[in-house]
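# Return atomic coordinates for the entry below.
(2 chains)
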Amino acid sequence: MSVTLLDFARGPAMQWALIIFVFGMVWRLVGVWGLRHKADHSQPRVTQGVWKRGLRAVFVRVLPYPEFAPKVQGQYWISYVFHLGFFIVLLFFVPHILFFEDILGFGWPGLPNNVIFFVGGITVAALMVALIKRILNPVTRMMSNFDDYFAWFVTIAPVVTGLLVNANLIPNYELMLAIHILSFQLLLIYLPFGKLMHGFWLMVSRWTTAVRFARRGGLS
Amino acid sequence: MKKADTLGDELRRQGISRRTFLKFCAAMATSMALPASMAPVMADALAATRRQSVIWLSFQECTGCTESILRSYAPSIESLIFDFISLDYHHTLQAAAGRAAEDARDQAMQENWGKYLVIVDGSIPLKDGGIYSTIDGHTNLETLETVAAGAAALISVGTCAAYGGLPMARPNPTGAVGVDEIIKDKPVINLPGCPPIPEVMTGTIASFLTFGRLPEMDRLGRPVAFFGDTIHDRCYRRPLYERGKFARGFDDEGARKGWCLYALGCKGPITYNACATIKWNQGQSFPIQSGHGCLGCSEPRFWDKDSFYKPLSATHWGNAAGLAAAAAAGAAVGAGVAVLSRRHQDTIAKGE
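Next up is the predicted model:
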């Protein structure tokens, strides 16, 4: 009797996905942090406490710059909804917690499935709106490349397949579960090599930009 | 004991009323998801049916399947199915032994060639010429092929006969396989389980006697009527799964309150069987009701798939050493890339 797709997803596929994820993450982090900083030959305007400017930027940029708020706040809120929704579903669905507990050795309290189901639905809706806005706006459409769309796909795929598993809409439950796990593995594998790395660079780049600007007497 | 020609005669002889018989047929029809109107049709068909010759072959098995079928609501009406069918050969149940037993089988085959039903429990060893299990000097493979040649259909009872079962567990020392890996030219139905539910076995036999053919099967050759839903879908603890109420130990508060056993490794979500509906011991209980997760015993390779106590969502992710090696390799590549980049910057700065 051959190995099923679910056995493959829970076994070798998971092992390789995690290995590629860890390998890729460390490669990118070390590779970028190992780059030489751009030389700044100007006279420093601020010499002490530039780190405070960096820290400030990390928190102040949580909200859009007031001048631009009317134009971009919709995008901000949609992004917050699908980011938070994604992490609530990922981290507070009890079967997911059991997955992490198996790797980390500790777990945490979860949420009822119906709450997860509801949040998952909102997450998918927000991701759809984000995609539509990207396509409808000529500027973002022109700026977008394969990476943007593929990052969107590998983000929405685990949520959609997870909802399908939970809803039991596909008669073959274990096949859908396998597809769900494989879709998550696709996200893991792609994450270090595309724009999804923003999850790790976001705070770092806010800090770095603010510190560089502060040196020149500006605010980021 | 003199046997009546048809089940109707036999039932009357044993004092079973038609009303009782109809109730049995209604229960059988319901369990197989047939409409209630099929009950009298089933009763008439069964009552008029002549005794069906059945040859039961036991190969690499533990006799658990026979133990199970013997508990088919005995001594109620299900047991009469066995008065009705002519069980011409069964190691454990037949009175004859040795040559007399083998002769009984040969005689049954000759008299009912092309019509008899073969029930198999146990897997068939193929390695080293199949020497690991022999009966009367014949390997199980030889016996199966010989007997199956004249069969109307075959029923594989238990996970061993259906998919190889425990004898096939790694490293499968005897090269064990299930019946449908060998018999390709006859209808074969699988009734997996370790053991199968008694009513699943009797219900499938009753279905064959009624309709003269095997019932509708799923992709793994199991009757859809009994294996159409997962344990999880029919589990009375399912609402607790939905509410996120999980037992985390076999003696914790959740276990005492009867919460969902998913976190304790229950394989109900990927196991197709009728345990949660038909249950065991006359509908008394089933494993989850008695506080233990489903082992998934009616699924192929259930023994090798996983720990019985590992949650379904926990994976075989490897180990920390493997991930540390991946991190070290990543660091080396990252550092190499950074060095190359700096050299490149230097080259540009020099204007070369």
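
# who in the stretch 151-300 of chain B is up against chain A?
B:163-164, B:168, B:178, B:230, B:232-233, B:241-244, B:246, B:262-263, B:269-270, B:300 (Cβ under 8 Å from any Cβ of the partner chain). Bear in mind the C-beta positions are built from the backbone N, C-alpha and C, glycine included.

# Mind doing that once more with 6 Å?
Remark: the part of the stretch 151-300 of chain B in contact with chain A comprises B:163, B:230, B:242, B:243, B:244, B:263, B:270, B:300, using Cβ under 6 Å from any Cβ of the partner chain.

# Show the buried residues in the residues you listed.
The neighbour-count test (16 or more other Cβ atoms under 10 Å in any protein chain shown) applied to those identifies B:163, B:230, B:244, B:263, B:270, B:300 as buried.

# May I see these organised as a markdown table, with secondary structure and pLDDT added?
Below are those laid out as a markdown table (DSSP: H, G, I helix; E, B strand; the rest coil; pLDDT from 0 to 100):
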| residue | secondary structure | pLDDT |
| --- | --- | --- |
| B:163 | helix | 97 |
| B:230 | strand | 93 |
| B:244 | coil | 90 |
| B:263 | helix | 96 |
| B:270 | helix | 93 |
| B:300 | coil | 94 |
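
# Looking at residue B:4 now. What's its pLDDT?
Model confidence at residue B:4, expressed as pLDDT, equals 50.

# what does the one 5 residues further on give?
Residue B:9 carries a pLDDT score of 80 in this model.

# any weak-confidence spans in the stretch 251-352 of chain B?
Applying pLDDT under 70 to the stretch 251-352 of chain B flags the ranges B:352.

# ignore the last one, chain A
Low-confidence segments of chain A, defined by pLDDT under 70, are located at A:1-3, A:220.

# those strands in chain B, which residues are they?
Counting by DSSP state E, one finds strands in chain B at the ranges B:53-58, B:86-89, B:116-121, B:124-125, B:134-135, B:138-139, B:151-157, B:176-177, B:188-191.

# List the neighbouring strands of the fifth one plus their orientation.
With DSSP bridges as the test, strand B:134-135 is paired with strand B:138-139 (antiparallel).

# now the strand it pairs with: mean pLDDT?
In this model, strand B:138-139 has a mean pLDDT of 96.

# sorry, back to before: just flag the most distant two among the residues of the stretch 151-300 of chain B next to chain A.
Using Cβ to Cβ, the pair of these lying farthest apart is B:163 and B:243, separated by 34.6 Å.

# Locate residue A:30 within the secondary structure: which element?
Using DSSP states H and E, residue A:30 maps to helix A:12-33.

# actually residue A:86, sorry about that
For residue A:86, the secondary-structure element it belongs to, assigned by DSSP H and E, is helix A:69-92.

# Repeat that for residue A:206.
Using DSSP H and E, the element containing residue A:206 is helix A:198-215.

# if I pick residue B:246, what's in contact with it?
Listed by Cβ atoms under 6 Å, 6 or more residues apart in numbering or on different chains, the contact set of residue B:246 reads B:259, B:260, B:262, B:263.

# hmm, try it at 10 Å
A:94-95, A:97-98, A:110, B:237, B:240, B:252, B:254-255, B:259-264, B:266, B:311 (Cβ atoms under 10 Å, 6 or more residues apart in numbering or on different chains).

# before we move on, what about residue B:111?
B:53, B:86, B:88.

# Confirm for me that the last one is in contact with residue B:94.
Think residue B:88. Yes. Taking contacts as Cβ atoms under 10 Å, residue B:88 lies within contact range of residue B:94: 8.2 Å.

# For these two, list the residues in contact with both.
Counting by Cβ under 10 Å, 6+ apart, the residues touching both residue B:88 and residue B:94 are B:56, B:101, B:104, B:105.

# The closest residue to residue B:322 other than its chain neighbours and residue A:6, how far apart?
Across the structure, with Cβ to Cβ, 6 or more residues apart in numbering or on different chains as the measure, the residue nearest residue B:322 apart from its sequence neighbours is residue A:19 (6.3 Å). For residue A:19, the distance to residue A:6 under the criterion Cβ to Cβ, to the nearest Å works out to 20 Å.

# Ok, residue B:30 next?
Using Cβ to Cβ, one gets 32 Å for the distance from residue B:30 to residue A:6.

# Can you flag the buried ones in the contacts of residue B:246?
Here, 16+ other Cβ under 10 Å leaves A:94-95, A:97-98, A:110, B:237, B:240, B:254-255, B:259-264, B:266, B:311 buried among these.

# State which helix of chain B is the longest.
Among the elements of chain B assigned as helix by DSSP state H, the one spanning the most residues is helix B:320-349.

# how about the helices in the stretch 1-150 of chain B?
With helices called from DSSP state H, counting those that start in this stretch, the stretch 1-150 of chain B shows them at B:7-13, B:18-31, B:38-48, B:64-70, B:78-84, B:98-111, B:140-148.

# Packing partners of the last one?
Right, helix B:140-148. Identification of packing neighbours for helix B:140-148 by 3 or more Cβ pairs under 10 Å, 6 or more residues apart in numbering or on different chains; DSSP states H and E yields strand B:53-58, helix B:98-111, strand B:116-121, strand B:124-125, strand B:134-135, strand B:138-139, strand B:151-157.
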